[in-house]
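K.L.:
Would you be able to build a 3D model of this:
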Amino acid sequence: MTRYFFAFFLVTICLNQASAQEQIIDPVFKSGEKLGYKLKYGIFTAAEAHLRVEDSPVKFDNLPGYHIIADGFTAGTFDIFYKVRNRYESFVDQKTLVPNFYTENRHESNYKHTDRVTFDHDKNVIRAMKGNYPFSGKVFDFVSAYYFARCIDVSKLKIGEKIELKYFLEDGIQSLTVTYLGKEQVKCPVGTFNCLKFNPTIIPGRIFRKDSKLYLWITDDNNRIPVKAHVELIVGSLTMDLISTSGLKYPLNPVSTNTD
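P.N.:
From the prediction side, this is the model:
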């Protein structure tokens, strides 16, 4: 289930518009930022995820960078019947926020998957363990896409606007169409926030119904942090909530703080 948990974050790549890609962006995050999330299946806690940003110990082209780590793991009863321990790491340029190197180590019950991915932006080739993948434009990995997207100016987005995005995952370049739905006020364990709401397309199959909907809410402030996501399944639904933050570049700006 944690693969669907992290898929929620891909919604934020919808802000990756062509006009914005050419700009040198000022990151809305900084080294030391930490975010914690909880995933629930109905009333039951199914998994947790933790994301953190550090200064990269490795320099690419002798330039400073960020090392971004995302960990996902099952919890409670789900950890007994379907244990998941996933880690995704991205090394991005500190100025452009494009990825140079990406690794993933996934252990989901009896399934294991490892990949080491190099992004050659001069030759427009992604080199992964199972082959090389040519690309055009900006293509991100699972983690860097989320952090890059947070830094894009979304003030000109219009309700109903659809955007296609590209990212590398599962040994290939994937695409996703996302629709901007407007602004809403959303409550999570950290507080109540004014948010931007998005809806990505879902491919029906073993988990999702043909008419399943996925929604994600991102703080409408300088941090641009996902605070809640909700997706309908064939049976039941999954909800993601922000449960902890620290080391933010800007103060959180909740409408109210939850104390219960």
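K.L.:
Can you pull out the low-pLDDT segments for the stretch 1-150 of the chain?
P.N.:
Where the stretch 1-150 of the chain drops to pLDDT under 70, the residues are 1-25.
K.L.:
can you do 50?
P.N.:
Within the stretch 1-150 of the chain, the segments meeting pLDDT under 50 span 1-2, 5, 10-24.
K.L.:
mind listing the strands for it?
P.N.:
Secondary structure of the stretch 1-150 of the chain by DSSP state E, counting those that start in this stretch: the strands cover 34-41, 44-55, 65-74, 84-93, 99-108, 111-120, 125-128, 131-134, 140-141.
K.L.:
chain center to stretch 89-100, what's the gap?
P.N.:
With CA atoms, centre = their mean, to the nearest Å as the basis, stretch 89-100 stands 15 Å off its chain's centre.
K.L.:
oh sorry, the question was meant for stretch 64-82
P.N.:
Distance of stretch 64-82 from the chain centroid (CA atoms, centre = their mean) equals 13 Å.
K.L.:
Over to it now: how far is its first residue from its last?
P.N.:
Start-to-end span of stretch 64-82 (CA to CA, to the nearest Å) is 39 Å.
K.L.:
again, but for stretch 215-225
P.N.:
This stretch, stretch 215-225, spans 14 Å end to end (CA to CA).
K.L.:
Quick one: mean pLDDT over it.
P.N.:
Over the span of stretch 215-225, the pLDDT mean works out to 90.
K.L.:
Give me the contacts around it.
P.N.:
Outside stretch 215-225, the residues that touch it by CB atoms under 8 Å, 6 or more residues apart in numbering are 8, 11-12, 28-29, 35, 149-151, 154, 181, 183-184, 186, 193-200, 226-231, 242, 245, 248-250, 252-253. Quick note: C-beta positions are derived from backbone N, CA and C, even for glycine.
K.L.:
circling back to that earlier point, any idea which of the strands of the stretch 1-150 of the chain gets closest to G172?
P.N.:
With CB to CB as the criterion, G172 lies closest to strand 131-134 of those, at 6.6 Å.
K.L.:
Report the distance from the closest one to the chain centre.
P.N.:
In this view, strand 131-134 has its centroid 23 Å away from the chain centroid, taken as CA atoms, centre = their mean.
K.L.:
And for stretch 48-63?
P.N.:
Stretch 48-63 has its C-alpha centroid displaced from the chain centroid by 15 Å (CA atoms, centre = their mean).
K.L.:
Please save the CA atoms from it in PDB.
P.N.:
Extracted C-alpha coordinates of stretch 48-63, given in PDB (Å, rounded to 0.1, in the frame of the first residue of the first chain):
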ATOM      1  CA  GLU A  48       3.600   5.900   7.700                       C
ATOM      2  CA  ALA A  49       6.000   8.000   5.600                       C
ATOM      3  CA  HIS A  50       8.800  10.300   6.600                       C
ATOM      4  CA  LEU A  51      10.600  12.800   4.300                       C
ATOM      5  CA  ARG A  52      13.700  14.800   5.100                       C
ATOM      6  CA  VAL A  53      16.200  17.100   3.400                       C
ATOM      7  CA  GLU A  54      19.900  17.200   4.000                       C
ATOM      8  CA  ASP A  55      22.900  18.800   2.400                       C
ATOM      9  CA  SER A  56      24.300  16.300  -0.100                       C
ATOM     10  CA  PRO A  57      27.500  14.600   0.900                       C
ATOM     11  CA  VAL A  58      28.200  14.100  -2.800                       C
ATOM     12  CA  LYS A  59      28.800  16.900  -5.400                       C
ATOM     13  CA  PHE A  60      27.900  16.400  -9.000                       C
ATOM     14  CA  ASP A  61      29.900  18.700 -11.400                       C
ATOM     15  CA  ASN A  62      31.400  20.100  -8.200                       C
ATOM     16  CA  LEU A  63      28.100  21.900  -7.400                       C
END
